[in-house]
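>>> what's the 3D shape of this:
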Amino acid sequence: MKSMHRNPLVQPMPLRCLRISTRLRLHPEFVNAPAKFALRHDVDLVGNVSPETSFKKDVDAVEKAEDVKANIHLCQHGAIRLFTERDGAGDWIRSIDLDPSVLLHGAKHRPLVEQDLVVSLSILKNKVAPLLADPLDACHIVPGLGGGNGHVAYWSAIESEVWLPGIHIACLHGVSHPNTRPAEGATKGRMQLGDKADDYIIRLKDAGGEVAGPGGVQSAEGIRVKLGIKGHALPTIVGQPNTTALVKDTKRLVIFHAPDVARVHQEMMSQLAGAYLPVPPEWADTGKPFTHARAIALVSLLTSIPIDELRATDVNLRQPSDSTRKRLNIEVPVEASRLKPVPVATLFHPAVYGTHLAGRTPRADERIDPLVAAAYGPP
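Numbers count the residues shown, from 1 in each chain. Next up is the predicted model:
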């Protein structure tokens, strides 16, 4: 193990959550007495391990067989979660969920830097290894470390997220993506493209954050844009040379690097269709009503119905006076000129992914596993 020294100015990483698929047999003594085993072997176990038993029909037997599953949390809830299943040979870790922000900082949505990927994976390997029946299986905790013995672990889901200050869900119009289904069930502060059954999911949500200004760090409104990629899409979208391998005859992602997270997020967001239409400053004055001129200009922009056609409809419905018509002749073009939509994709410019973070200092326990560093360090 070796220490990692960070530069005062470091590159951000929009990583959110990770999921690993693997097959690792748990130590029988841990299965029988989790708390006692954890205390004896310095395992950072959180809470109790409560297996859930259900019954499923065994295709080779008349009677139903027990299906025992459990969730094991390490370090703190939400940081490392192991999902286990039991068969005739024992209890097996089948998937591992990792939230680097919770693991390293004790809370979600904290800014991460590129080095945090290697740090969090090193901690993950160190925390899970004592639970294994066979110590040699430790190379199959983090994908890509057991290549010489054949790959068992692989990446099955990667979530990334950026925060855009000053942007609001209500100002997004006609948002879609070629790799997802249209937005469904959008609310005032949330929009989602795709769902958990899809290989891609994009979720936009109003959320506060902090920005640095002349007076120091200040709270600000904005949106979080989360991208989830899973399954067979990962080798195609995230994969680079020497990062994929066959696992049980299926191409899987077994390694990725921190810069890939920002690259993939930006590439996917660059394919978003739709417009972002900020509220004109002149309209933000709550003392002024939403006038007919503003309504006509906005409807024309959002529906592509010509202003002249909307004006004619307005005349037929309201039959305004000559003075009102003359006023609208002046006001409608003025209000239309204040509407300045931009393509949604342009919100995700390089600066969103390239802002450096200063002042980050390593924690005392940030120790780097040499195998993890070799696989996941700078390519």
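
>>> just the mean pLDDT for stretch 158-175, thanks.
Stretch 158-175 carries an average pLDDT of 93.

>>> and it, what's buried?
158-164, 167-169, 172, 175 (16 or more other CB atoms under 10 Å). Using the backbone N, CA and C atoms, a C-beta is placed for each residue, glycine as well.

>>> and which of those residues is nearest residue 48?
Residue 48 has its nearest neighbour among the buried residues of stretch 158-175 in residue 159, at 27.5 Å by CB to CB.

>>> specify the local secondary structure of the closest one.
Secondary structure for residue 159, judged by DSSP: H, G, I helix; E, B strand; the rest coil, is strand.

>>> I'd guessed it sits against residue 226; true?
Yes: between residue 159 and residue 226 there is a contact under CB atoms under 8 Å: 6.1 Å.

>>> what touches both of these two?
In terms of CB atoms under 8 Å, 6 or more residues apart in numbering, residue 159 and residue 226 are both contacted by the residues residue 16.

>>> follow-up on the earlier one: ok, which pair from the buried residues of stretch 158-175 is furthest apart?
Farthest apart among those by CB to CB are 158 and 168. That separation is 27.1 Å.

>>> can you list the domain ranges for the chain.
Annotated domains of the chain cover 2-275+348-376, 280-339 [automatic domain parsing].

>>> just say which of those domains is most tucked in.
Greatest average neighbour count among the domains of the chain goes to domain 2-275+348-376 (a mean of 17), per mean count of other CB atoms under 10 Å.

>>> in a markdown table: the buried residues of stretch 158-175, plus distance to residue 147.
Below are the buried residues of stretch 158-175 laid out as a markdown table (distance: CB to CB, whole Å):
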| residue | distance to residue 147 |
| --- | --- |
| 158 | 20 |
| 159 | 25 |
| 160 | 25 |
| 161 | 30 |
| 162 | 32 |
| 163 | 36 |
| 164 | 39 |
| 167 | 42 |
| 168 | 47 |
| 169 | 44 |
| 172 | 44 |
| 175 | 41 |
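
>>> all helices of the stretch 151-300 of the chain, in order?
For the stretch 151-300 of the chain, the helices defined by DSSP state H, counting those that start in this stretch cover 233-237, 258-269, 292-303.

>>> out of those helices, nearest to residue 129?
Comparing the helices of the stretch 151-300 of the chain by CB to CB, helix 258-269 comes nearest, at 23.0 Å.

>>> what distance do you get for residue 104 to residue 159?
Going from residue 104 to residue 159 by CB to CB, to the nearest Å gives 16 Å.

>>> got the CA coordinates for stretch 284-296 in PDB?
Provided in PDB are the C-alpha atoms of stretch 284-296 (Å, rounded to 0.1, in the frame of the first residue of the first chain):
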ATOM      1  CA  ALA A 284     -39.300  38.300 -13.500                       C
ATOM      2  CA  ASP A 285     -40.900  41.500 -11.900                       C
ATOM      3  CA  THR A 286     -43.800  40.100 -10.100                       C
ATOM      4  CA  GLY A 287     -45.400  43.500 -10.100                       C
ATOM      5  CA  LYS A 288     -46.200  43.200 -13.800                       C
ATOM      6  CA  PRO A 289     -48.900  40.900 -15.000                       C
ATOM      7  CA  PHE A 290     -48.400  38.200 -17.700                       C
ATOM      8  CA  THR A 291     -49.700  40.300 -20.500                       C
ATOM      9  CA  HIS A 292     -51.400  39.200 -23.700                       C
ATOM     10  CA  ALA A 293     -48.300  40.400 -25.600                       C
ATOM     11  CA  ARG A 294     -46.100  38.100 -23.600                       C
ATOM     12  CA  ALA A 295     -48.500  35.200 -23.900                       C
ATOM     13  CA  ILE A 296     -48.700  35.500 -27.700                       C
END
